[in-house]
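*Asks:* fold the stuff below for me.
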Amino acid sequence: MRRLLFGLTLCALTAQASFAQSIAPEVFRALQAAQAAQQSGNFAQAEQALKSVTAKPESLEQALLWRSAGYLAWAQGNTQQALNMLEQALRSDQLTPEQVAEDRLNLAKLSFSLKNYQHVHAYLQGVAVTDEILELQIQAWQNLGRLDKALPLAERYLQGKSTISESWLQFMVAANAEVKHYAAAQQWQKRILQRNPNQLRAWQQLAALQQMAGNYAQALATLRTAYSKGITFQAADLDRLIALAAASEQPWQAARLLAGMLQHGILPTSLSSQERLAQLHWQAREYQAAAQQYAELAQQSGKGQHWLSLAQLEIQQSRWDAGLQALKRAEQVGADQQQIAAWRDWAQSRIALHQQLAEKSS
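*Replies:* Numbering: from 1, shown residues only. Next up, the predicted model:
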């Protein structure tokens, strides 16, 4: 989203004769002199002109002097002072509807620059909606952490536009994902992908959104499509996607995604990737799949830790003989003897208990 550029709006006096006749001539001349000096950049002279006259309390003259002083303060970068003066003019109930609308918009801009985002919405109430106002409201809600409020306004802002910038598309993707509107986020991401069909990041982002929505098969299909187009993948890129599933407390989905990547050659098969797959199956309590994976690993690597992990999985499934055999292999290749002894003792105690229960039942 492009940054809001807060253009400085000078206080333009109405040139109609009826307006000039409604205020004291000396005040009108002072306001004209202040405006001319402000437009030429002579702020000191503008300030002197405004101070040269006084106005009756609760009069139109007083409201216009406050208003002119507010815009003069803004021109000099005195944001808080500008807001205070324009606020006084607004509360006077002396301004025309056009002036009220203009000042409400500028008060909203001043509030935004002071990070008073709630005040932005308060000032804009009743002001006719334009693209500028929509952008201001969207950014204010965003800064308040209320993307649920910002999104409908953003959709309204973008509706009917023939071209939408990349930054707006990215905002719509991120905002919808933040509020868990994953289907909408995917649709916006697909528009980015249409513009950048050879960009790996665009494919990854779509796959990540599909994964967040729980559509892991779609996420894998998206990555496979990108891979088939000849787009180069780095192992670390795909690794982050798998880590996302594991971090979301869904290790079974991470296991399926990693298994699919290995099966289809998207990630290279290695001892480390196979070990990670086994660990994910174990975390997901898919003990049989984890045991099978560790059995293959143990045969390939001959490492004692792989045999010990296999033994633990077999014993957890009450596969006592297979577990004891794996412990024996772990012992032969130098695995931790204390762990081996502890698991062997536990397995043998469970075997003995089962035998006693079997004898009693017979």
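*Asks:* wait, residue 306 sits on residue 296?
*Replies:* No - using C-beta atoms under 8 Å, residue 306 is not in contact with residue 296, being 9.1 Å away. The C-beta positions use only the backbone N, C-alpha and C, and glycine is treated the same way.
*Asks:* and the two? Which one has more around it.
*Replies:* A direct count of neighbours by other C-beta atoms under 10 Å for residue 306 and residue 296 places residue 306 higher, at 27 against 14.
*Asks:* now that one: closest residue in space that isn't a chain neighbour?
*Replies:* Of all residues not flanking residue 306 in the chain, residue 298 sits nearest, at 3.9 Å (C-beta to C-beta, 6 or more residues apart in numbering).
*Asks:* and the helix or strand hosting that neighbour, what does it pack onto?
*Replies:* Using DSSP states H and E, residue 298 sits in helix 287-301. Helices and strands touching helix 287-301, by 3 or more C-beta pairs under 8 Å, 6 or more residues apart in numbering; DSSP states H and E, are helix 271-283, helix 304-316.
*Asks:* residue 352 is nearest to which of those?
*Replies:* Closest of the helices and strands packed on helix 287-301 to residue 352 is helix 304-316, at 13.9 Å (criterion: C-beta to C-beta).
*Asks:* who does the closest one touch, helix- and strand-wise?
*Replies:* For helix 304-316, the packing partners by 3+ C-beta pairs under 8 Å, 6+ apart come out as helix 271-283, helix 287-301, helix 320-332, helix 337-361.
*Asks:* with distance to residue 135 and mean pLDDT added, can I get the ones you listed in a markdown table?
*Replies:* A markdown table is the format used below for those (distance: least, C-beta to C-beta, whole Å; pLDDT from 0 to 100):
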| stretch | distance to residue 135 | mean pLDDT |
| --- | --- | --- |
| helix 271-283 | 44 | 91 |
| helix 287-301 | 52 | 93 |
| helix 320-332 | 64 | 92 |
| helix 337-361 | 62 | 86 |
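*Asks:* take the ones you listed and write them to CSV, including distance to residue 149.
*Replies:* Shown next, in CSV, are these (distance: least, C-beta to C-beta, whole Å):
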stretch, distance to residue 149
helix 271-283, 38
helix 287-301, 45
helix 320-332, 57
helix 337-361, 55
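*Asks:* of all these, which one comes closest to residue 50?
*Replies:* Judging these by C-beta to C-beta, what sits closest to residue 50 is helix 271-283, at 71.9 Å.
*Asks:* list the buried residues for the closest one?
*Replies:* Neighbour counts over helix 271-283 (16 or more other C-beta atoms under 10 Å) mark 273, 274, 275, 276, 277, 278, 279, 280, 281, 282, 283 as buried.
*Asks:* which single one of those residues is nearest to residue 351?
*Replies:* For the buried residues of helix 271-283, the closest approach to residue 351 (C-beta to C-beta) belongs to residue 282, at 22.9 Å.
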